[in-house]
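Undergrad: Sequence first, predicted model second:
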Amino acid sequence: MTAVDTHIDHSHDDEHAHEHPSEWVYVKVALFLAGLTGIEVALSYNEIGGEKGTVALLLALAGVKFFTVVMYFMHLKFDHPYFRRLFATGFVLAVFCYIAYLSTLNVFSR
């Protein structure tokens with residue numbers, strides 16, 4: 001048996017097969033991200049709900065943009081759900097660490 005005989009072709013493996021979205025889907029995602037960026041720029045010039053409210057909105061929009069990029073451009077949406085949960089868990093943990101760090105700087109007591 002040669003090395004060629006032992007090669008297994010996984011390209012037709014039904015378990016891992018999925019269709020990638022069309023180019024139009026990526027264009028729509030890019031337009032969505034551009035719209036969110038426009039909202040972020042507008043929020044940075046016009047404080048809504050005070051400084052803390054603006055910062056909270058900007059962080060929320062950043063989170064939405066982060067997950068959108070991860071799901072579509074990193075193809076996490078098309079991977080096994082376990083990887084999505086693992087990535088989301090890491091993101092939530094990072095947010096809690098960031099909040100804990102900001103609380104040590106007394107940012108929330110001002």
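TA: Looks like it came in fine.

Undergrad: what helix or strand is residue 34 on?
TA: Secondary structure assignment for residue 34, by DSSP states H and E: helix 23-45.

Undergrad: Would you mind listing the buried residues in that helix?
TA: Using 16 or more other Cβ atoms under 10 Å as the test for burial, helix 23-45 gives 29, 33, 43. For every residue, glycine as well, the C-beta is placed using N, CA and C.

Undergrad: next one: stretch 46-65
TA: Here stretch 46-65 shows 54, 55, 57 as buried, counting by 16+ other Cβ under 10 Å.

Undergrad: After the helix holding residue 34, heading C-terminal, what element do we hit next?
TA: Toward the C-terminus, helix 23-45 is succeeded by helix 50-72 as the next helix or strand (DSSP H and E).

Undergrad: Look at the residue nearest in space to the middle of the chain and report its pLDDT.
TA: Of all residues in the chain, the one closest to the mean position by Cα atoms, centre = their mean is residue 67, 1.8 Å from it. At residue 67, the predicted lDDT confidence score is 85.

Undergrad: Identify the residues contacting it.
TA: Contacts for residue 67 were tallied using Cβ atoms under 8 Å, 6 or more residues apart in numbering; they are 88, 91.

Undergrad: any idea how far it is from residue 51?
TA: 25 Å (Cβ to Cβ, to the nearest Å).

Undergrad: again with residue 80
TA: 41 Å.

Undergrad: do residue 73 as well
TA: Relative to residue 51, and taking Cβ to Cβ, residue 73 is found at 32 Å.

Undergrad: swap in residue 75?
TA: Distance from residue 75 to residue 51, by Cβ to Cβ: 37 Å.

Undergrad: can you check residue 105 too?
TA: 15 Å.

Undergrad: With residue 99 instead?
TA: 17 Å.

Undergrad: any idea which of the buried residues of helix 23-45 is closest to residue 94?
TA: Relative to residue 94, the closest of the buried residues of helix 23-45 is residue 33; by Cβ to Cβ it sits at 20.3 Å.
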